[in-house]
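>>> Sequence and predicted structure below; questions after.
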2 protein chains.
Amino acid sequence: MKPFHSYQNPSLAIDLVVFGYQQHTLSVLLLNRNEAPFKDTWTLPGAFLQMEERFKDTCARVLKTKLGMDDVYLEQLYSFDEPDRDPRGRVIAVAHYALINPKNFAITAGSMANDVKWFNIHEMPALGFDHKTIFTQALQRLRSKILYFPVGFELLDDLFTMPELHELYECILDISIDRRNFRRKILDSQYIINTGKKREGLQNRHPDLYKFNKKLPKNAFQLNIN
Amino acid sequence: MKPFHSYQNPSLAIDLVVFGYQQHTLSVLLLNRNEAPFKDTWTLPGAFLQMEERFKDTCARVLKTKLGMDDVYLEQLYSFDEPDRDPRGRVIAVAHYALINPKNFAITAGSMANDVKWFNIHEMPALGFDHKTIFTQALQRLRSKILYFPVGFELLDDLFTMPELHELYECILDISIDRRNFRRKILDSQYIINTGKKREGLQNRHPDLYKFNKKLPKNAFQLNIN
DNA sequence: ATAACTTTGTGTCAAATCAACACAAACAAG
DNA sequence: CTTGTTTGTGTTGATTTGACACAAAGTTAT
C-alpha cells in the first residue's frame, strides 16, 4: 500500500517505554545511540513504522530484534507531535509502553550489549529527543492504571506471593501501603487466586502462592491512595 | 520540513469527535460526505495533517473552517492504525475529541449546511471508515474522565446551576444520580464556586448560579457509580 | 390572599468502607 | 525451646456513602 495523496507526510515512528521489575526496583530499558543525532546519549528504543505494519507489529519487531523479547504486554500511550522533536525532520511518534516479566528481564539482563541498559526509574540519565517527556507520561499512566486495573501482574512471574505483589505496588507508586489493607483490597477484587501452594525458600513463614485470575471479575477494584 | 528518510510513510490524518450538550441531550457532530469513498455516508470531521501543523492546529483548522467554531476544549484520544481503515490507502488517524459550549453549539446549529448535523448519541447513523469505533471510544473516555476530572463544565455556559450540572452528568453517564448526594460530592470537591447570583426565569425556586473554579483544588474528586 | 404544586437547598442517619492497629501462626537460627 | 522475623487473620473507631425527610423559594390556580 502506498499513501494515496501527493503532499509530503511526516515520518511515523514508535517509541517504547519498556518497564521491568526486579531486585525490588522498577526499571526502564534504554539504548545508547551510536549515531547522530544524540550520539552517545541514552534514548528509548524505537523504530519507524513500515508501510504494512501496525503499531504493535513495530513494537514487537523492536522488542524482538533489538532486545530479544517475546510475548510482552503492550499498550498505546500517546502520540507526540512537536515539529522539532527530531532534529532530522518532522517525525510523529506513537509512544507505547511495555511491561515485561522477570523471565524476559533475565534474558536481556544477561545477554546485553553495553549500549543497552536497565535504569532504575529514580536514576535516569538525561534522555535524547523528547524521551524524558514520554517516559514521564508512561510512568504516570502506569501509576494511575495500576490503581484500578490489574496490570501489575504483567511484571511478575505467573506465581507470586502477596508480599511480592504488595512491594511491587509500593515500588511503582513510590508510597508505602498498609500491608493488611492492601491484602484485603486485592482479595476482595478477586483479581488473584490462591493456588494452595507455598513459596519455599530461605525466608521465615512460607507465603501462599497466588496466580492472576484470567477471567476478570467485574468486582470493581479501586485502590485508594492517601 | 521534509521527511528525512526515503521509504514511504503512511498518511497522517486527525479525526474529531465533537461533543455538544443542549436540550438535555449529548450530541455529536457529523458530516455527510459528498465524495467517494463513503459518499453520502455520515462520518466524523477530520483532515490530513499538514507538514507544519501540530495535531491541535489541524483540529482547530477543521473546527474553524468546516464548522465555524473557535476556542474549543480538545484532547487527544487514541491513534488508529488498521491498515485498511481507509480504502484509498494507508492512513493513520490520530483521533481527538472536542467539547464545545452552548455558544458554539448555537452558532453551528443555526448556520448549518444540510451535510453537517448534530446527532443524539443514542440515535447515531451508520458511520463510514472506522468512525464508529472512534466515536465509541471517545464516549467511553468522556464518561470515565468526567468521574474524576471536571471536564463537564466545558459543555456548559460560564454560569450554570446545580440542576443543570446534575442533569449533564446523568445525560453523559446515562444513569440517574441522587440529586442531593451529587451536590455534596461536587461542592466538597471545590471544583465550582457559588457566584451568589440566581438564575431568573420561568422556573420555580431560582437556583444558584455557579462558575467553574479555575485554580483546581487538589481535593480529589471521585464520583462513584453503582 | 392563600392554598396547592413544583423545584431547589439543607440536613439526617444507618450501612458500608476505610485506616490503623493487635495478635497469632509459621518458619529460621541459636 | 526461646528469640526474632515474616505472613495470615481479625478488630475497631472514624469516615464516607446511599437513601431519605424536610424546609425554603418560587409558580399557578382559586
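Thanks, I have it.
>>> How is residue A:186 assigned, secondary-structure-wise?
Under DSSP: H, G, I helix; E, B strand; the rest coil, residue A:186 falls in the helix class.
>>> Ignoring the adjacent residues along the chain, who's closest to it?
Distances taken as CB to CB, 6 or more residues apart in numbering or on different chains put residue A:192 closest to residue A:186, at 6.2 Å, once the chain neighbours are dropped. All C-beta atoms are positioned from the backbone trio N, CA, C, and that covers glycine.
>>> Tell me, how many residues neighbour the one you found?
17 (other CB atoms under 10 Å in any protein chain shown).
>>> correct me, but it touches residue A:210?
Yes: between residue A:192 and residue A:210 there is a contact under CB atoms under 8 Å: 4.4 Å.
>>> shared neighbours of these two, which are they?
Residues touching both residue A:192 and residue A:210 (CB atoms under 8 Å, 6 or more residues apart in numbering or on different chains): residue A:165.
>>> tell me the contacts of the residue nearest to residue A:186?
Taking CB under 8 Å, 6+ apart, one finds A:150, A:153, A:165, A:186, A:210, A:211, A:212, A:213 in contact with residue A:192.
>>> And the helix or strand containing residue A:79, what does it pack against?
Using DSSP states H and E, residue A:79 sits within strand A:73-80. Under the contact criterion of 3 or more CB pairs under 8 Å, 6 or more residues apart in numbering or on different chains; DSSP states H and E, strand A:73-80 touches helix A:55-61, strand A:91-100, helix A:131-145, strand B:73-80.
>>> can we see that at 10 Å?
Contacts defined by 3 or more CB pairs under 10 Å, 6 or more residues apart in numbering or on different chains; DSSP states H and E place strand A:73-80 against strand A:11-22, helix A:55-61, strand A:91-100, helix A:131-145, strand B:73-80, strand B:91-100.
>>> Can you add distance to residue B:201 and give those back as CSV?
Shown next, in CSV, are the helices and strands packed on strand A:73-80 (distance: least, CB to CB, whole Å):
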stretch, distance to residue B:201
strand A:11-22, 52
helix A:55-61, 51
strand A:91-100, 49
helix A:131-145, 41
strand B:73-80, 27
strand B:91-100, 23
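>>> So which of these is nearest residue B:143?
Of all those, strand B:91-100 sits nearest to residue B:143, with 11.5 Å by CB to CB.
>>> Parallel or antiparallel, list what pairs with the closest one.
Using DSSP bridges, the strands paired with strand B:91-100 are strand B:11-22 (parallel), strand B:73-80 (antiparallel).
>>> List the contacts of the helix or strand bottoming out on mean pLDDT in chain A.
Lowest on mean pLDDT, DSSP states H and E among the helices and strands of chain A sits helix A:102-110, with a mean of 76. The contact list for helix A:102-110 (CB atoms under 10 Å, 6 or more residues apart in numbering or on different chains) reads A:18-23, A:27, A:29, A:63, A:66-72, A:98, A:100, A:116-118, A:155-158, A:160.
>>> can you do 8 Å?
With CB under 8 Å, 6+ apart, helix A:102-110 has contacts from A:20-22, A:29, A:67-72, A:116, A:118, A:155-157.
>>> Please list the residues of chain A that sit near chain B.
By CB under 8 Å from any CB of the partner chain, the residues of chain A that approach chain B are A:1-5, A:7-12, A:48-52, A:54-55, A:76, A:78-79, A:81-83, A:88-92, A:94.
>>> Produce a ChimeraX select command limited to the buried residues of those residues.
Restricted to buried positions by 16 or more other CB atoms under 10 Å in any protein chain shown, the ChimeraX selection for those reads:
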select /A:3,9,10,11,12,48,49,55,76,78,79,81,83,89,90,91,92,94
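>>> if we can go back for a sec, relative to chain B, which of the contacts of residue A:192 is nearest.
Distance to chain B across the contacts of residue A:192 (CB to the nearest CB) is lowest for residue A:150, with 16.9 Å.
>>> what's near enough to touch the closest residue to the closest one other than its chain neighbours?
Closest residue to residue A:150 apart from its sequence neighbours, by CB to CB, 6+ apart: residue A:191 at 4.3 Å. Going by CB under 8 Å, 6+ apart, residue A:191 touches A:150, A:153, A:212, A:213, A:216, A:217, A:221.
>>> same check, this time on residue A:70
With CB under 8 Å, 6+ apart, residue A:70 has these contacts: A:63, A:64, A:104.
>>> Three-state assignment for it, please.
coil.
>>> Pull stretch A:152-168 out as CSV, backbone CA atoms only.
The C-alpha trace of stretch A:152-168 is given here as CSV (Å, rounded to 0.1, in the frame of the first residue of the first chain):
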residue,chain,number,x,y,z
GLY,A,152,0.9,-5.2,37.7
PHE,A,153,0.8,-8.9,37.3
GLU,A,154,2.5,-8.5,33.9
LEU,A,155,5.6,-7.5,35.8
LEU,A,156,5.7,-10.7,38.0
ASP,A,157,6.1,-14.4,37.4
ASP,A,158,3.0,-16.5,36.9
LEU,A,159,3.1,-17.4,40.5
PHE,A,160,3.7,-14.8,43.1
THR,A,161,3.2,-14.1,46.8
MET,A,162,1.2,-11.4,48.5
PRO,A,163,4.3,-9.6,49.9
GLU,A,164,5.8,-9.6,46.4
LEU,A,165,2.7,-8.0,44.9
HIS,A,166,2.5,-5.6,47.8
GLU,A,167,6.1,-4.5,47.3
LEU,A,168,5.5,-4.1,43.6
